[in-house]
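*Asks:* build me a model:
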Amino acid sequence: MKDGPEVSRISTAVIAGVCGFALAAGGGIALWTANRSPNSAETHSSAPTTAPALSPTPAESPAVIIPVPPPNPVEVPQAQTPQTLPQQALVSKSPQPKPLPEAGAPTVQVYWVKGAGGKFEAVPTKVAVKPADEPNTALEAAFNSLLAGPKDATVYSEIPQGTKLRSLSVKNDGVYVDLSAEFTSGGGSTSMTGRLGQVIYTATSLKPNAKVWISVDGKPLELLGGEGLEVAQPSTRQSFDKNFPL
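*Replies:* Numbers count the residues shown, from 1 in each chain. The predicted structure follows:
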C-alpha cells in the first residue's frame with residue numbers, strides 16, 4: 001500500500017521535467033528563429049541594392065561615349081582627281097585645228113567692176129554663208145561685203161563710199177533692196193551704170209532670174225544720176241544687160 005503513492009509521485013516528477021525541457025527547447029528554437037529572421041530579411045533586401053552596381057545604367061554605359069568615325073565621301077573623288085586633271089590640262093594646252101570650209105558650203109556672190117579694153121566687166125567674188133542662213137541673211141552678208149569695198153586691188157566698186165544698206169527682204173515676187181542717199185551721189189553715166197549692175201547682180205546671186213526692186217531712202221529709184229539714167233522697176237539681169245551693156 002505504501003509503494004503506490006511513491007510510484008505516482010515519481011511519474012509526476014518525470015512528466016513535469018520532460019514538459020519543462022520541451023518548453024525550454026521550444027523557447028530556444030523560437031528565440032533562434034527570431035534572431036535569424038532579420039539577417040535573412042536583410043540579405044534579401046540588400047540583393048536589389050547591389051544588383052544595379054553589377055549592370056551599369058545607360059547614362060554610364062561606355063557604348064554611348066564610344067566615338068563613331070563619320071563617313072568620308074570626299075575620298076572617292078580625290079582618288080579620281082589625279083587621273084582626270086592631267087587629261088584636262090593636256091586638252092586645254094593642245095592646239096585645236098581650225099575647221100576647214102566644206103567643199104559644198106553655200107556661197108553668195110558679190111560683184112565688182114573691172115576695166116578691160118575700155119569696157120566695164122562685172123567680176124563676182126564668193127562670200128561663204130552658213131547652211132542654216134535664210135535668204136535674207138545670206139544676201140545681207142553679201143551686201144555688207146559689197147558696201148565695204150573690195151579687198152582685191154585688181155577690181156573696184158562704183159558704189160560711193162558711205163552707202164549703207166537700210167533694209168533687204170526676199171519675198172515671193174523678188175528681192176527688195178533699200179539703200180541710203182549716198183548711192184546716187186557723184187559720177188557720170190558710166191559710174192551709174194556700173195553701180196546699178198553691181199546691185200542687181202549681187203541681189204540675184206542666189207536666184208539669177210529673180211526680180212529686184214531698188215529704193216533709196218525708202219523711195220523707188222526711177223532716175224539715177226544727173227543725166228537721168230532710167231531704172232526699171234523691177235529690174236533683172238536680162239533687162240540690165242539689154243539696156244546697159246557693160
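
*Asks:* can you list the strands that the strand or helix carrying residue 167 pairs with?
*Replies:* Assigned by DSSP states H and E, residue 167 belongs to strand 165-171. Strand 165-171 has its sheet partners listed here by DSSP bridges as strand 174-179 (antiparallel).

*Asks:* got the angle between whatever helix or strand comes next after the strand it pairs with and strand 165-171?
*Replies:* Tracing the chain past strand 174-179, the next element assigned as helix or strand by DSSP H and E is helix 189-203. Using axes from the mean of the first three to the mean of the last three Cα atoms, to 10 degrees, one finds that helix 189-203 and strand 165-171 are set 50 degrees apart in direction.

*Asks:* show me what helix 189-203 is in contact with.
*Replies:* 108-113, 120, 122, 124, 139, 142-143, 146, 157-160, 175, 177, 179, 183, 187, 210, 212, 214, 224-225, 227, 229, 231, 235-237, 240, 244, 246 (Cβ atoms under 8 Å, 6 or more residues apart in numbering). C-beta here means a position set from N, CA and C on the backbone, and glycine is covered the same way.

*Asks:* what's the average pLDDT for it?
*Replies:* Helix 189-203 carries an average pLDDT of 92.

*Asks:* which parts of that helix are buried?
*Replies:* 191-203 (16 or more other Cβ atoms under 10 Å).

*Asks:* next one: stretch 148-162
*Replies:* 150, 155, 157, 158, 159, 160.

*Asks:* kindly report the same for stretch 235-243.
*Replies:* Those would be 235, 236, 237, 240, for stretch 235-243 by 16+ other Cβ under 10 Å.

*Asks:* straight-line length of stretch 204-221, end to end?
*Replies:* Distance between the two ends of stretch 204-221: 18 Å, counting by Cα to Cα, to the nearest Å.

*Asks:* an error on my part: the question was meant for stretch 211-222.
*Replies:* For stretch 211-222, the end-to-end distance is 15 Å (Cα to Cα).

*Asks:* list the buried ones in it?
*Replies:* 211, 212, 213, 214, 215, 216, 221.

*Asks:* would you say the fourth one is within a strand?
*Replies:* Think residue 214. Yes: residue state for residue 214 (DSSP: H, G, I helix; E, B strand; the rest coil) corresponds to a strand.

*Asks:* ok so, going back, filter the contacts of helix 189-203 down to the buried ones, PyMOL style.
*Replies:* Here is the PyMOL command that selects the buried residues among the contacts of helix 189-203 (16+ other Cβ under 10 Å):
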select buried, resi 108+109+110+111+112+113+120+122+139+142+143+146+157+158+159+160+175+177+179+183+187+210+212+214+224+225+229+231+235+236+237+240+244+246
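
*Asks:* hang on, the earlier thing: just put the buried residues of stretch 235-243 in JSON lines and tack on secondary structure, pLDDT and distance to residue 134.
*Replies:* Formatted as JSON lines, the buried residues of stretch 235-243 follow (DSSP: H, G, I helix; E, B strand; the rest coil; pLDDT from 0 to 100; distance: Cβ to Cβ, whole Å):
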{"residue": "235", "secondary structure": "strand", "pLDDT": "95", "distance to residue 134": "23"}
{"residue": "236", "secondary structure": "coil", "pLDDT": "96", "distance to residue 134": "22"}
{"residue": "237", "secondary structure": "helix", "pLDDT": "94", "distance to residue 134": "22"}
{"residue": "240", "secondary structure": "helix", "pLDDT": "92", "distance to residue 134": "26"}
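
*Asks:* please enumerate the strands of this structure.
*Replies:* Using DSSP state E, the strands of the chain run over residues 107-116, 119-128, 165-171, 174-179, 212-216, 219-220, 223-224, 229-230.
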